[in-house]
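In: After the sequence you'll find the predicted model.
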Amino acid sequence: MQKFMFAGLCVVLLPLLAVAAPAGVVHGARPAATAQVVLSGLTFQPDEITVTLGDTVEWDNQGGFHTVTGDDGSFSSGDASSEPFKFKHTFTQVGTFKYHCEIHETSGMVGTVIVESAGELYLPQLSKLDGNQQ
């Protein structure tokens, strides 16, 4: 009976030990996501989006003569194009990043990406152990 209890305890504790790591190493980090923004007419839809640090935003120009350009110059889709295009940028800093279409900024074609810190450590191993499904 004691052998079975010891084996059961090992089954419970080993996943917890696998999560432990030296300083600076993160196990089970939240996987990065990709958020979508569509260039439609003279708008970005949605015109404001909130993502988590390390996420990617993909802009999809389905037609129209447009660019996607960070107000601070940190990202750009390049020269304006009337051909459909997709442009991706991964955000590596927390903050608020305003952007615009170089051609239609004065017409109000502007948007904002809000990048937030992950906040909580993503530990799917622990959530399964305590019965919570996240």
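Out: Perfect, thanks for sending it. Residues are numbered from 1 along each chain as shown.

In: what about the helices in the chain?
Out: 2-19, 124-129 (DSSP state H).

In: Could you pull up the residues touching H89?
Out: Taking CB atoms under 8 Å, 6 or more residues apart in numbering, we find H89 in contact with T56, V57, G70, F75. Yep, even glycine has a C-beta here, placed from its N, CA and C like the rest.

In: Widest-spaced pair of those residues?
Out: Greatest spacing in the contacts of H89, by CB to CB: T56 and G70 (14.2 Å).

In: For this protein, which segments count as strands?
Out: 34-40, 43-45, 48-52, 56-61, 69-70, 85-90, 95-100, 110-116 (DSSP state E).

In: who does the shortest one touch, helix- and strand-wise?
Out: In this case it means strand 69-70. strand 95-100 (3 or more CB pairs under 8 Å, 6 or more residues apart in numbering; DSSP states H and E).

In: Give the other helices and strands that the strand it packs on contacts.
Out: strand 69-70, strand 110-116.

In: any chance of the strands of the chain in CSV, plus mean pLDDT and distance to D79?
Out: Shown next, in CSV, are the strands of the chain (pLDDT from 0 to 100; distance: least, CB to CB, whole Å):
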stretch, mean pLDDT, distance to D79
strand 34-40, 96, 15
strand 43-45, 98, 18
strand 48-52, 97, 24
strand 56-61, 98, 12
strand 69-70, 98, 11
strand 85-90, 98, 10
strand 95-100, 98, 15
strand 110-116, 98, 19
